[in-house]
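Asks: The following comprises the amino acid sequence and a computationally predicted model.
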Amino acid sequence: MKPLLLINPNTNAATTEEMVAIARNTAPAGQAVEGATVRRGAPLIYDDALLSVGASAVVELARTLDLARYSGIVVAAFGDPGIDALRRFAPVPVTGIAEAGIIEAAGAGRRFSIVTTTPDLVEAIEKRVEAYGFSASFTGVRLTQGDVASVMSDPVRLEESLMEACALAISEDHAEAVIIGGGPLAVHAVALGARFEVPIIEPVPAAIRLALARTAMADATA
């Protein structure tokens, strides 16, 4: 069985390791997941300019790899940077964590919200929802409160802020599912899952499930 490749468009290798660990816990026994971190850009993508740099860096990194040795590729930043360009030359299915999270959240016609930390990426997130065809089910983006860098540097404060934003998405926006929007937020998404009655969607596990489904479909039609 070929491994899946998880590409982190952020330059933070520790975050890559965290997301790969979550991906491996999601994948079935015997399914390997390997990680790769882009070589340029920012440790945390928080605006459109850095998202664009991340997109270029994903493509640059992918062109240096033997992609045929993988069964599928997961792009693990919530704006899905570089996914469209990567699909033009990758020989295997490519899945974005935003794409997978949105598809899973909107399942069975559910209304869904996205909770994240980065106000300067709200427009990019909204465009992704529209591009994937789920605007009618989308209740909007809820943000954590406070300076992004400060919140992200304090794990306890970050988790509390995410929990507060999730609660507002459910009580005021009437979301029936909430996506924790961000690759670097993956660990906290796992922790929040059991605290709400509505599904809290973890994008990295959702992407692994969708990537494996696409791989199986590709194998069946080969």
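Replies: Arrived safely. Numbering: from 1, shown residues only.
Asks: From the centroid of the chain, which residue is nearest?
Replies: Nearest to the mean C-alpha position of the chain, counting by CA atoms, centre = their mean, stands residue 97 at 2.9 Å.
Asks: Look at the closest residue to that one other than its chain neighbours and report its pLDDT.
Replies: Counting by CB to CB, 6 or more residues apart in numbering, residue 97 lies nearest to residue 203, which is 3.8 Å off, once chain neighbours are set aside. Yep, even glycine has a C-beta here, placed from its N, CA and C like the rest. pLDDT recorded at residue 203 is 93.
Asks: what separates stretch 89-97 from the chain centre, distance-wise?
Replies: 14 Å (CA atoms, centre = their mean, to the nearest Å).
Asks: er, stretch 165-183 actually
Replies: Remark: stretch 165-183 is offset 15 Å from the chain centroid, using CA atoms, centre = their mean.
Asks: If you count neighbours, what's buried in that stretch?
Replies: 165-166, 169-170, 173, 175-183 (16 or more other CB atoms under 10 Å).
Asks: Only C-alpha atoms, please: export stretch 69-79 in PDB.
Replies: Listed next in PDB are the C-alpha coordinates belonging to stretch 69-79 (Å, rounded to 0.1, in the frame of the first residue of the first chain):
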ATOM      1  CA  ARG A  69       5.300   6.800  -4.900                       C
ATOM      2  CA  TYR A  70       2.200   8.100  -3.000                       C
ATOM      3  CA  SER A  71      -1.400   7.100  -3.200                       C
ATOM      4  CA  GLY A  72      -2.700  10.600  -2.600                       C
ATOM      5  CA  ILE A  73      -1.700  14.100  -1.400                       C
ATOM      6  CA  VAL A  74      -3.200  16.200   1.300                       C
ATOM      7  CA  VAL A  75      -2.500  20.000   1.400                       C
ATOM      8  CA  ALA A  76      -2.700  20.900   5.100                       C
ATOM      9  CA  ALA A  77      -3.500  24.600   5.400                       C
ATOM     10  CA  PHE A  78      -7.100  25.800   5.500                       C
ATOM     11  CA  GLY A  79      -7.000  28.000   2.400                       C
END
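Asks: If anything else comes up later, I'll come back, but that's it for now.
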